[in-house]
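In: Provided below are the primary sequence and the corresponding predicted coordinates.
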Amino acid sequence: MSTLFVAFEDFILSRQAALCSPETIDFYRRMLEPFLALADGGRPSNRLVREFLSTVAQRGVSSATVHALTRAVRAFLRSAHEEAWIDEPVTARMPRVDQSRVEVLRPEEARRVPAVCGFEDRAWVMTQDDSALRRGEASALNCDDVGFHTRRSIYGEEGGANPFRRPCFAG
């Protein structure tokens, strides 16, 4: 068994010991298996990392996928160096993730959206539209966070000391 594969097993054990979620462990396994296959037990190097990322990029995957692979490889190689499985640090420069532009609805299209939504979707759409929430904030809301009768939305951690409220003219 190659040193790199033993380092991989040790890395996975360290992630489990750090109480990473099963999804995170699965992410590392899926992302690192192709890298380990390319390395084929050899010594990792900056050139090997570049070759791997170049091969992946040529398959036509998204920039987000290449970025995810780079994050996993970088975390693994950093751990392997810290745990003395490899002698020299191997660095991986993070590739750029393409930013796609979000389409914006025209006003007449935006007015039609709530009419075709179910209750929960309508709550989300109207809250985001009326309160000028950022997409991430609106996505984190639950239907119960929107008070249709009080016309207020509650943000912040549930049961937190200071949840704040914004006007929401939903309903």
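Out: Noted; the coordinates are in hand.

In: contacts, neighbours, all on C-alpha from now
Out: Fine.

In: residues making contact with the top helix by length along the chain?
Out: For the chain, the helix with the greatest residue count under DSSP state H is helix 63-82. Where contact means C-alpha atoms under 8 Å, 6 or more residues apart in numbering, the residues beyond helix 63-82 that reach it are 7-8, 11, 28, 31-32, 35, 49, 53, 56-57, 86-98.

In: Would you mind listing the buried residues in it?
Out: By 16 or more other C-alpha atoms under 10 Å, the buried positions in helix 63-82 come out as 63, 66-74, 76-80.

In: Would you mind writing the CA trace of the very next helix or strand once past that helix as CSV?
Out: Following helix 63-82 in sequence order, the next helix or strand is helix 107-112 (DSSP states H and E). Provided in CSV are the C-alpha atoms of helix 107-112 (Å, rounded to 0.1, in the frame of the first residue of the first chain):
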residue,chain,number,x,y,z
PRO,A,107,-41.8,44.2,-13.5
GLU,A,108,-44.8,42.6,-15.2
GLU,A,109,-43.2,39.2,-14.9
ALA,A,110,-42.5,39.8,-11.2
ARG,A,111,-46.1,40.7,-10.6
ARG,A,112,-47.3,37.4,-12.1
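
In: before we move on, back to that, just name the lowest-scoring one in the buried residues of helix 63-82, pLDDT-wise.
Out: Minimum pLDDT across the buried residues of helix 63-82 is recorded for residue 63, with 87.

In: ok, so what distance separates that residue from residue 100?
Out: As judged by C-alpha to C-alpha, to the nearest Å, residue 63 and residue 100 stand 11 Å apart.

In: Could you name every residue contacting both of those two?
Out: With contacts taken as C-alpha under 8 Å, 6+ apart, residue 63 and residue 100 have no neighbour in common.

In: And the residue nearest the centre of this protein?
Out: Geometric centre of the chain, nearest residue: residue 68, 8.3 Å, by C-alpha atoms, centre = their mean.

In: got the contact list for stretch 5-16?
Out: Residues outside stretch 5-16 that contact it (C-alpha under 8 Å, 6+ apart) are 25, 28, 29, 36, 41, 76, 79, 80, 85.

In: between those residues, which is closest to residue 105?
Out: Closest approach between the contacts of stretch 5-16 and residue 105, by C-alpha to C-alpha: residue 28, at 37.9 Å.
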